[in-house]
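S.K.: Predicted model, plus sequence, below.
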Amino acid sequence: MSSPSDSARLAVDIGGTFTDAVLEVGTRRHTAKVLTTPAAPEEAVLSATRTVLALAGLAFRDLGFFVHGTTLATNAIIERKGAKTALIATEGFRDVLEIGDEGRYDQYDVLIDKPKHLIPRHLRFTVPERVDVHGKVLALLEESAVRAAAAKLKAHGVESVAVALIHSYANAAHEKRIRQILAAELPSLQVTLSSEACPEIREYVQPLMAGYLERLRELFLAEGYAAPIHMMTSGGSLMSLETALRFPVRLVESGPAGGAILAAHTAAERNETRVLSFDMGGTTAKIALIKDFVPFKGRTFEVDRAARFLKGSGLPVRIPVIDMVEIGAGGGSIARVDAMQRITVGPDSAGADPGPACYGRGGSEPTVTDADVLLGKIDPNHFAGGTIRLLPEESRQALERAVAAPLGLWATDAAYGVAEIIEENMSNAARVHAVERGVVVSEYTLVSFGGAAPLHAARLAEKLGIGRIVIPADAGVGSAVGFLRAPAAYELVRSRFMFLDQFDTGAATALLAEMSAEAQALASSAASGRPLLEKRLAYMRYSGQGHEIPVLLPNRGLGKEDVPALAEYFEQEYRRLFARHIPDARVEILSWSVLVSTEETAETLLPAVTPIAGPEPVAARQVFDAQLSKMICVPIVKRSDLQAGATVSGPAIIAEDNTSTLVTATFDAQLDAGGGLVLTRKRVD
């Protein structure tokens, strides 16, 4: 047993199917992949942690750092399984969740499907009060109405309440008073204020997962862990567990964010300035764009879209987030034949329980993993490092029953159809995501990770016209590896409206200073003493427009002399985005943001490698070739046998414990100096 050391760093990622753990001790890395335990996710976290600690000969008390990310917050929204939550709004705004912004993602569909709201109408209450857009109190809070609402909350057994009063971003006094009254009336009730969770114009509500975090903390303390627990955020940074307990909505998409961080670091090491990040696990596939080693980011995204690619069809979440598209396309995605006799895959998943049919855990519906087993891509005896023994015959029977028989196909052809559909779904999502952001996806390098992604990356690249793929080391647990590369950070956004030609320097300076102090405090708890950098932005637009663009601000007090520079920066950014500007139009500032983060260490460029012959195959297997539409004999090479520079010509399978890479006949593979597999399209003479 070694002595406690900050060098022992643990990351755990809970996915819909698998929970991944990565332990780094100095230059050594240990990994584990276990099935997620949906009923009690903390059990899988403990199991995976114990596994990697045993591999390293360490105990919980030896850990100096722990960071955790999860899809639990996302799943709580999608499955509506969070705490029983109520809403308290301003009188007259009970139905704001239905009304939203009055937009329709398909204005001509009279039978439009909208996602089910997080809070049913009978748990939405209102209280008399009113504040205007400038924060002036027009009507005092009627405290007796708050106490009456508290009695109703108790009668309904509500565990958590969201307080979202109109214009609370400008004046939060009434929301804070409601929290005080509720604390006196219902001490065990968890209260979230919109003025703290998202103090911006527009309406948003957050989910709750504080109960899980508290249980996890207690379990780790009981095991002897003594260091702080850090959480991954949707924006690709770390925050303390205490901050996460206050703002659990920031954990939505925290798992996928770790993957984008890994892809960005992988790109920086190889000087890949244009990267398409492709993360495919057991439940979903995530695609993100990375330019100049920085993932595209946003301040809003949607969960549980009713229409896969249509903006506005999901529940809006207003938090800093890495901009990505996520679809129900994972190894556990269920395949079936629809009423029009077409093969469809997902978005529902078999998850960890019961899992794909080949898991032998009671699952009877065929999944992408079942198709991959039947197509020879997966070795049934060494799946997940041999911890799960797969049953190919169960895969065959499930595909024959649900897909092959209805279409009059052989089981292998049905499996090929499932694989092609899922790969086309993912390539289509990548095309749409790229077009919306004005990039040509074929000019990008594909960085692929996740348990299922390396099996499908080459075929995805073929469909997208991509000629270069990088599979980083330990790709099967890639998101957890990314957690260990993330900076500590916190971003605050406040709405404070002002016209640029009536710029209030005193108010702006005071607001930014207040935000800076709060962000510094929230970020420092996860920074572990590292110095913090600050970035300030103003979100500006032409008067009357509906959305804003960010403009960089100096990190100091603002004066009248800054106004011309702000106007110039805004017009420059507007022209960059829209290739034009509007002369003499009035400019307004809607919101302000302060991002405080630790400084990221610049990645060292990897040296070039000298090509050498790859090792002898350890075996061969019949694998379906999509180009030839038939089974062919493919050599199997162990990734652990490859040395830097070793080349493997496709078709081949490069196997490792947590995933395997299918190298199609289109590509050659080489191990680079950083342990990454680089697939390059073969030249056609």
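M.R.: Thanks, I have the structure now.
S.K.: ranges for the helices of the stretch 551-685 of the chain?
M.R.: For the stretch 551-685 of the chain, helices defined by DSSP state H, counting those that start in this stretch occupy the ranges 563-578.
S.K.: low-scoring stretches of it, by residue?
M.R.: 684-685 (pLDDT under 70).
S.K.: List the buried residues for stretch 389-399?
M.R.: Leu390, Leu391, Glu394, Ser395, Arg396, Gln397, Ala398, Leu399 (16 or more other CB atoms under 10 Å). Just so you know, the C-beta spots here come from the backbone N, C-alpha and C atoms, and that holds for glycine as well.
S.K.: Could you chop the protein up by domain?
M.R.: 83-206, 489-598, 612-681 (automatic domain parsing).
S.K.: hey, what's Ser591 bridged with?
M.R.: Beta-bridge partners for Ser591, by DSSP bridges, are Ser495, Tyr539.
S.K.: Next, count neighbours for it.
M.R.: 20 (other CB atoms under 10 Å).
S.K.: what do you get for Leu58?
M.R.: Close neighbours of Leu58, defined as other CB under 10 Å, add up to 20.
S.K.: Identify each buried residue in stretch 561-575, please.
M.R.: In stretch 561-575, counting by 16+ other CB under 10 Å, buried: Asp562, Val563, Leu566, Ala567, Tyr569, Phe570, Glu571, Glu573, Tyr574.
S.K.: Would you convert those residues into JSON lines that also reports distance to Val252?
M.R.: Shown next, in JSON lines, are the buried residues of stretch 561-575 (distance: CB to CB, whole Å):
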{"residue": "Asp562", "distance to Val252": "35"}
{"residue": "Val563", "distance to Val252": "37"}
{"residue": "Leu566", "distance to Val252": "32"}
{"residue": "Ala567", "distance to Val252": "36"}
{"residue": "Tyr569", "distance to Val252": "31"}
{"residue": "Phe570", "distance to Val252": "30"}
{"residue": "Glu571", "distance to Val252": "34"}
{"residue": "Glu573", "distance to Val252": "28"}
{"residue": "Tyr574", "distance to Val252": "30"}
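S.K.: picking that back up, which among the buried residues of stretch 389-399 gets closest to Ala652?
M.R.: Leu390 (21.0 Å; CB to CB).
S.K.: Which residue comes closest to that closest one once chain neighbours are left out?
M.R.: Pro380 (3.8 Å; CB to CB, 6 or more residues apart in numbering).
S.K.: Contacts only, for that neighbour.
M.R.: Cys358, Val373, Arg389, Leu390, Leu391, Pro392 (CB atoms under 8 Å, 6 or more residues apart in numbering).
S.K.: I'd like the average pLDDT over stretch 185-205.
M.R.: On average, the pLDDT along stretch 185-205 is 70.
S.K.: oh, I was asking about stretch 271-291
M.R.: 91.
S.K.: With stretch 16-27 instead?
M.R.: 90.
S.K.: Numbering from 274 from now on, please.
M.R.: That works, and once the first residue is 274, the last one we named lands at stretch 289-300.
S.K.: Tell me the buried residues in that stretch?
M.R.: Result for stretch 289-300 [16+ other CB under 10 Å]: buried residues Gly289, Thr290, Phe291, Thr292, Asp293, Ala294, Val295, Leu296, Glu297, Val298.
S.K.: Tell me which of those residues fall in helices.
M.R.: Among the buried residues of stretch 289-300, no member is found in helices (DSSP state H).
S.K.: from those, which two are the most distant?
M.R.: Once CB to CB is applied, the buried residues of stretch 289-300 give Gly289 and Val298 as the farthest pair, at 28.8 Å.
S.K.: May I ask which of the contacts of Pro653 comes out lowest in pLDDT?
M.R.: For the contacts of Pro653, the pLDDT minimum is Arg662, 88.
S.K.: where does it fall, helix, sheet strand or coil?
M.R.: coil (DSSP: H, G, I helix; E, B strand; the rest coil).
S.K.: got it, and Ala608?
M.R.: strand.
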